[in-house]
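Trainee: Next come a sequence and a model predicted from it.
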Amino acid sequence: MRIVYVADSIRRIGGIQRVTVAKANALAELPGNDVWILVADTSGEQVYGLSPLVKVVDLGINYYEDDWKSQWHVLKGIVIRRRVHRRKVKDALDGIRPDVVISVGESEKYFLPRVKGEWLKVREIHYIKHYRLLAAASLCSRIVAKCVELYDFGWKIRRYDRIVVLTEEDRLDNWHGDPRVKAIPNPLPFERGRVSSLDTGLVLAVGRLTAEKDFLSLIRAFRHVADRFPDWRLEILGDGEQKQILADAINSLSLGGNVLLKGMVKDVREEMLSASCLVMTSRFEGFGMALTEAMACGLPVVSYACPAGPREIISDGVDGFLVAPGDEKALAERICEIAGDGEKRKKMGAAAFRSTARYDTDRIVSMWMDLFEGRC
């Protein structure tokens, strides 16, 4: 089977890039499969290991290289280069003649269904369906979000043959029985094996420093954890526009000795293997890869039960804890429960490790092959 992914880049650090590479590698290993990734931009270091079996086609679009110059150059990148992008994708697909073409949901998502060809057209959705509305902070932004959502999910997506979302929760709650929609979770980007000793007194949080991740809530909750367990510390991995806001909050709560904004790291897994717990305080998620990766490293987890993902990933009280969104007191109590009981911490960590077998790459890739071959 000839399988083609169409993506902006596979070199930038990010969840989409990481899972695209992981799935392409695994699909290419299956006998009879040939896998390509058509990328708009190949600048930068290849962060995630790419199999030599995966063929990468550089389309040379480079959407963002002139964005720093002016708003006109931003507009040029979006409008003019998109026409070039569509033409180059068409030329590449005409040459490859694939059986399946997959949009990972970046710059190609609107034009890809209009590229004519006798192949299965698949759209991946890496966020909960209504993420734009959930992120909107004002009436004006909510109106814009609703309009864009109608344009995307009410019109443009109709030309896709299959739509893949990350959770059953999203599929059942938001897609209203659309027979094209299938829930396939993200695979683990690494093989399970090594686990944390769970004896370091380190709590991790991972994600972009944005309002949607609500790290302010976590920092406020950790003030109570630090009062009870002064030797425990919190490290937040990631970067983003709220960095200074979070730094100010750490200082105002006198948490400089307990909370660190560590920035971007290349190997999140190694950080997790040195931790004793992971906490997620997102207002919404598409899935929650940080949870599955942490659990695969044997970490118990604490998460707000936001839409969508945590309720499917975590068995409350078994391999982690679910907390009502925004309940900082309960969040702190659950972190303290893990910090204060080493036996429970290790028992929950072992359960977390076992539970992530369902996200092994072979199992997830089998679900994708069933989709491609019409068995589901």
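Mentor: Yes, it's here.
Trainee: right, and the helix or strand after the helix or strand of the chain with the lowest mean pLDDT?
Mentor: The helix or strand of the chain with the lowest confidence, counting by mean pLDDT, DSSP states H and E, is helix 71-96 at a mean of 83. Moving toward the C-terminus from helix 71-96, the next helix or strand (DSSP states H and E) is strand 100-103.
Trainee: Could you list every helix and strand in contact with that next one?
Mentor: Using 3 or more C-beta pairs under 8 Å, 6 or more residues apart in numbering; DSSP states H and E, the elements in contact with strand 100-103 are strand 2-7, strand 120-124. Heads up, the C-betas are built off the backbone N, CA and C, glycines and all.
Trainee: if we can go back for a sec, what's the angle from the least confident helix or strand of the chain to strand 2-7?
Mentor: 180 degrees (axes from the mean of the first three to the mean of the last three C-alpha atoms, to 10 degrees).
Trainee: So which elements touch helix 71-96?
Mentor: Short answer (3+ C-beta pairs under 8 Å, 6+ apart): helix 71-96 packs on strand 2-7, strand 34-39.
Trainee: Can you check which of those strands gets nearest to residue 116?
Mentor: Residue 116 lies closest to strand 2-7 among the helices and strands packed on helix 71-96, at 14.7 Å (C-beta to C-beta).
Trainee: okay, the angle between that closest one and strand 34-39?
Mentor: 20 degrees.
Trainee: Okay, now the sheet partners of strand 2-7, with direction.
Mentor: strand 34-39 (parallel), strand 100-103 (parallel) (DSSP bridges).
Trainee: Please save the CA atoms from the next helix or strand after the longest one in CSV.
Mentor: Spelled out, it's strand 34-39. The element immediately downstream of strand 34-39 (helix or strand, assigned by DSSP H and E) is strand 54-58. This file holds the C-alpha atoms of strand 54-58, laid out as CSV (Å, rounded to 0.1, in the frame of the first residue of the first chain):
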residue,chain,number,x,y,z
VAL,A,54,10.3,6.7,4.9
LYS,A,55,10.7,8.8,1.8
VAL,A,56,10.6,12.6,2.5
VAL,A,57,9.8,15.0,-0.4
ASP,A,58,10.7,18.6,0.3
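Trainee: which outside residues touch strand 54-58?
Mentor: With C-beta atoms under 8 Å, 6 or more residues apart in numbering as the test, strand 54-58 has contacts from 10, 21, 24-25, 28, 34-39, 42, 50, 92.
Trainee: quick one: low-confidence ranges for the chain?
Mentor: By pLDDT under 70, the weakly predicted segments of the chain are 47, 65-74, 76-77, 376.
Trainee: ok, residue 309 to residue 342 distance?
Mentor: 28 Å (C-beta to C-beta, to the nearest Å).
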